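S.K.: take this sequence and fold it.
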Amino acid sequence: MKNLEWRAQAACKDNDIDIFFPPSDDAAGPARAICARCPVQESCREWAIATRQPDGVWGGLTETERRRIRRRRQAAARAA
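M.R.: This is a model prediction of the structure:
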């Protein structure tokens with residue numbers, strides 16, 4: 001996933017980065033609100049999942065949520 005041109009269109013690009021690295025998943029609301037109106041939310045989310053981003057909110061998902069998605073996808077791939 002080398003094409004990162006989507007980043008130029010990201011709704012978060014001019015925001016304080018700290019918003020996207022909350023102290024807990026429960027504090028992710030402000031970041032999720034920005035992600036919810038982002039035109040490249042899906043690209044961001046998929047990039048974060050594919051590159052195993054360890055921290056922060058990407059594409060509206062916390063690291064915990066991204067980990068769950070990776071596990072489900074791996075289980076589905078093994079079952080196929």
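S.K.: got the contact list for the spatially most central residue of the chain?
M.R.: When Cα atoms, centre = their mean is applied to the chain, the residue found nearest the centroid is residue 58 (2.1 Å). Neighbouring residues of residue 58 by Cβ atoms under 8 Å, 6 or more residues apart in numbering: 20, 44, 45, 47, 48, 66. Backbone N, C-alpha and C define where each C-beta goes, glycine included.
S.K.: of the residues you listed, which is the most crowded?
M.R.: The residue in those with the most neighbours, by other Cβ atoms under 10 Å, is residue 44 (24 neighbours).
S.K.: show me what contacts that one?
M.R.: 6, 7, 10, 35, 38, 58, 59.
S.K.: any of those buried? List them.
M.R.: Among those, those buried by neighbour count (16 or more other Cβ atoms under 10 Å) are 6, 10, 35, 38, 58, 59.
S.K.: just put these in CSV and tack on secondary structure.
M.R.: Listed next are the buried ones among the contacts of residue 44 as CSV, based on DSSP: H, G, I helix; E, B strand; the rest coil:
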residue, secondary structure
6, helix
10, coil
35, helix
38, coil
58, strand
59, coil
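S.K.: can you pull the phi/psi pair for the closest residue in space to residue 39 that isn't next to it in sequence?
M.R.: Leaving aside its sequence neighbours, residue 39 sits nearest to residue 9 (Cβ to Cβ, 6 or more residues apart in numbering; 5.5 Å). Main-chain dihedrals, residue 9, degrees, to the nearest 10: phi -100, psi 0.
S.K.: if we can go back for a sec, what is the residue nearest to the centre of the chain paired to in the beta sheet?
M.R.: residue 61 (DSSP bridges).
S.K.: number of nearby residues for the residue nearest to residue 39?
M.R.: Each residue near residue 9 was counted by other Cβ under 10 Å, and the total is 12.
S.K.: that one is in contact with residue 41, isn't it?
M.R.: No - in this structure, residue 9 is not within contact of residue 41 by Cβ atoms under 8 Å, at 10.2 Å.
S.K.: gap between residue 8 and residue 43?
M.R.: To residue 43, residue 8 is 11 Å away according to Cβ to Cβ, to the nearest Å.
S.K.: out of the two, which sits in the more crowded spot?
M.R.: residue 43 (19 against 8).
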